[in-house]
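> no sequence on this one, just coordinates:
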């Protein structure tokens, strides 16, 4: 407050000095004009006209008979006099300053904020901890993550995304997922998926997103279920299964290929609130599972099953409302799917986000507002 009062005093000094100069200049001009008028006034009724003569000197300069006005020194006012005459600027009260508090639902939208169904990635240094996975922005436009619930089930996993192209409102990224379920020393089921996503900001509040993935699942050998967690299978079932496999000397082989497509549209009302429409379907799935036993009593290839899935056999669609607060994000909605309640996987989410340039800028804005709140009056 002291700084603002000093600045007001200095500005007032300058304004008063300029005003004083203009007033004295106007008075001098009027006085000079009046003297000339008095001297040129005729004493009789005759009107005489005097022409101003101008002579050109040798150098080409022209001399005129115009009178000159002498500059008047400005009148200076002491700081004490100016401070006494200064008018204190009005101040904000608590209610007015509270109205200026930075709030996310009053801020401009961030089109590239969501990363799960788009081509966008977390900002450099940003961390997102959700119900299904943890993701971290390791580099600009590059993120890596993992799923703790899958680790709890004994499934090793990792995922990543790289935004390789950004032209205006268009973004394109590549992504990959890896999962591995070890079942003993001689058997493991592995999943390797890769895909691409494209996002386009059609207008300020709306964006559209396309994506496709191709995945391969493989496993071969003699499985041992002892390493599986009890959440998946009971200890009694493990022992019975392992005993039957050992007695028969059986081996298993799994091969599957899947291609999926996704389409999403989001409508952003502000930085906090948005609507999200997501759809997805399998274009083609070719799965084969075979169990092999030794040729005892003429039995072999006791189990050999394969199946293909086409478009429409597996699908998912949902409409959800997203609330993105300062750190917490919550998504809820409704949907349909070929498998019961599978649409909940994409329409429901709860996560905590921190770090990144956007949230750091918001934090600085809120900190500045909080620091200045002590200057307001009650």
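Nice, I can see it. Computed from a predicted structure; not experimentally measured.
> show the pLDDT at the most centrally placed residue in the chain.
Of all residues in the chain, the one closest to the mean position by C-alpha atoms, centre = their mean is residue 113, 3.7 Å from it. On the pLDDT scale, residue 113 is placed at 94.
> does it touch residue 324 like I think?
Yes: counting by C-beta atoms under 8 Å, residue 113 touches residue 324, with 6.5 Å between them. The way it works is simple: take the backbone N, C-alpha and C, and place the C-beta from them, glycine included.
> quick check: neighbours shared by the two?
Common neighbours of residue 113 and residue 324 (criterion: C-beta atoms under 8 Å, 6 or more residues apart in numbering): residue 271.
> hang on, the earlier thing: now for the residue nearest to the centre of the chain: which residues touch it?
Counted by C-beta under 8 Å, 6+ apart, residue 113 has contacts 120, 271, 324, 358.
> break this protein down into its structural domains.
What automatic domain parsing lists as the domains of the chain is 1-31+74-89, 110-372.
> and the strand or helix carrying residue 288, what does it pack onto?
Assigned by DSSP states H and E, residue 288 belongs to strand 273-292. Using 3 or more C-beta pairs under 8 Å, 6 or more residues apart in numbering; DSSP states H and E as the contact test, the elements touching strand 273-292 are strand 251-268, strand 303-310, strand 315-324, helix 344-347.
> who's in contact with the third one?
Meaning strand 315-324. Against strand 315-324 from outside (C-beta under 8 Å, 6+ apart): 104, 113-114, 266, 271-282, 329-338, 342-343, 345-348.
> nearest to residue 176, of the helices and strands packed on strand 273-292?
strand 251-268 (14.2 Å; C-beta to C-beta).
> okay, helices next: where are they in this protein?
Per DSSP state H, the chain carries helices over the ranges 2-40, 79-85, 94-99, 148-152, 235-248, 344-347, 357-372.
> least reliable of those helices going by mean pLDDT?
helix 2-40 (a mean of 52).
> distance-wise, check residue 156 relative to residue 144.
For residue 156, the distance to residue 144 equals 14 Å [C-beta to C-beta, to the nearest Å].
> looking at the two, which one has more neighbours?
residue 144 (17 against 14; other C-beta atoms under 10 Å).
> ok, the nearest residue to that one once chain neighbours are set aside - contacts?
Leaving aside its chain neighbours, residue 144 sits nearest to residue 160 (4.5 Å; criterion: C-beta to C-beta, 6 or more residues apart in numbering). Contact partners of residue 160, counting by C-beta under 8 Å, 6+ apart, are 142, 143, 144, 145, 175, 176.
> bridged to the third one, which residues?
Under DSSP bridges, the beta-bridge partners of residue 144 are residue 136, residue 160.
> I'd guessed it sits against residue 133; true?
No: contact criterion C-beta under 8 Å: residue 144 and residue 133 do not qualify, at 10.5 Å.
> any shared contact partners between those two?
Common neighbours of residue 144 and residue 133 (C-beta under 8 Å, 6+ apart) are residue 159.
> where does the stretch 201-350 of the chain have low pLDDT?
Scanning the stretch 201-350 of the chain for pLDDT under 70 picks out the ranges 245-250, 289-312.
> let's see it at 50
The stretch 201-350 of the chain contains residues with pLDDT under 50 at 296-302.
> count the residues that sit near residue 272.
When neighbours are counted by other C-beta under 10 Å, residue 272 registers 19.
> contacting residues around it?
Applying C-beta under 8 Å, 6+ apart, the residues contacting residue 272 are 104, 105, 107, 323, 324, 325.
> look up how far residue 114 lies from the closest residue in space to residue 205 that isn't next to it in sequence.
Of all residues beyond its chain neighbours, the one nearest residue 205 is residue 268 (5.1 Å), with distances taken as C-beta to C-beta, 6+ apart. Using C-beta to C-beta, we find residue 268 at a distance of 9 Å from residue 114.
> could you do residue 88 as well?
For residue 88, the distance to residue 114 - C-beta to C-beta - is 49 Å.
> for those two, indicate the residue with more neighbours.
Taking neighbours as other C-beta under 10 Å, residue 88 and residue 114 compare with residue 114 leading, 22 against 9.
> spit out the contact partners of the more buried one.
Contacts for residue 114 (C-beta under 8 Å, 6+ apart) come out as 120, 266, 274, 276, 322.
> format the residues you listed as JSON lines; extra columns: distance to residue 254 and neighbour count.
Shown next, in JSON lines, are the contacts of residue 114 (distance: C-beta to C-beta, whole Å; neighbours: other C-beta atoms under 10 Å):
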{"residue": "120", "distance to residue 254": "34", "neighbour count": "24"}
{"residue": "266", "distance to residue 254": "37", "neighbour count": "22"}
{"residue": "274", "distance to residue 254": "40", "neighbour count": "24"}
{"residue": "276", "distance to residue 254": "34", "neighbour count": "24"}
{"residue": "322", "distance to residue 254": "37", "neighbour count": "20"}
